[in-house]
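> Using only what follows, build the 3D model:
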Amino acid sequence: LLTMKLRGLAVFRALIYLPGVISSVAVAMTWLWLLDPLQGPVNRLLDVVGIGGQNWLQDPHTSLGSVIVIGIWTGMGYAMIVFLAGIQGIPETLYEAAGLDGASGIKKFWFITLPLLKPMTLFLFITATIRSFQVFDLVYILTGGGPANSSTTIVTQIVGASFQEYRMGYASAMAVFLLAATLAITLIQYGIGSRN
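Predicted coordinates for the structure are as follows:
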């Protein structure tokens, strides 16, 4: 959709990329207001529709999911830029040849676009995995790792162990484990992606 010649496409692209350039603290504070259980616009909208509001960030069942959705929303602009560059790098002659052979739009996407975007998809998958292991600021501001440790990440545990409990050795061991786990998962993903 973002490669079609549509009116106002530049504005639409800018709106999708906007969360990626806004400070994560500003994003977290905005979402704290949006998801406020009493006065937040999300719960008010749900009340209008007839669905009861949720305590999104203070409920152990919804806090992690809310943080994940916010994290995906903030990273969507970066993924859009990478995929857009990949799509624009695909030669138009491939689509024209497929069209002459009678391929539909879905077949062009399935057999031309997706296979040629495989390197970008692998790159984004690896970087998103690494970024998910390193998430701290959104979790710390939105939930503080709670409620009942339902949204705690390894980085929030490292920060808590080092700067709140002053257990530097334990925090260092967790940091080394985080490095080793991230490296192992990255190598596995790269191995699987390069074989296909």
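> okay, CA-based contacts and neighbour counts for the rest of this
Noted.
> Which strand or helix spans the most centrally placed residue in the chain?
Closest to where the C-alpha atoms of the chain average out (C-alpha atoms, centre = their mean) is residue 72, at 2.7 Å. Using DSSP states H and E, residue 72 maps to helix 63-88.
> Could you give me the buried positions within that helix?
63-64, 66-68, 70-71, 74-75, 77-79, 83-84, 86-87 (16 or more other C-alpha atoms under 10 Å).
> Next: stretch 161-176.
Per 16+ other C-alpha under 10 Å, stretch 161-176 contains these buried residues: 161, 162, 171, 174, 175.
> Mind putting those residues into TSV with secondary structure?
Shown next, in TSV, are the buried residues of stretch 161-176 (DSSP: H, G, I helix; E, B strand; the rest coil):
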residue	secondary structure
161	helix
162	helix
171	helix
174	helix
175	helix
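> Looking at those, spot the one nearest residue 22.
Using C-alpha to C-alpha, residue 175 comes nearest to residue 22 of those, at 27.3 Å.
> Can you name the residues that contact that closest one?
155, 158 (C-alpha atoms under 8 Å, 6 or more residues apart in numbering).
> Report all helices and strands that the helix holding residue 72 contacts.
On a contact count with 3 or more C-alpha pairs under 8 Å, 6 or more residues apart in numbering; DSSP states H and E, helix 63-88 meets helix 9-21, helix 118-133, helix 137-142.
> For the ones you listed, give me JSON lines that also has mean neighbour count, mean pLDDT and distance to residue 153.
Shown next, in JSON lines, are those (neighbours: other C-alpha atoms under 10 Å; pLDDT from 0 to 100; distance: least, C-alpha to C-alpha, whole Å):
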{"stretch": "helix 9-21", "mean neighbour count": "15", "mean pLDDT": "87", "distance to residue 153": "21"}
{"stretch": "helix 118-133", "mean neighbour count": "16", "mean pLDDT": "88", "distance to residue 153": "8"}
{"stretch": "helix 137-142", "mean neighbour count": "20", "mean pLDDT": "91", "distance to residue 153": "8"}
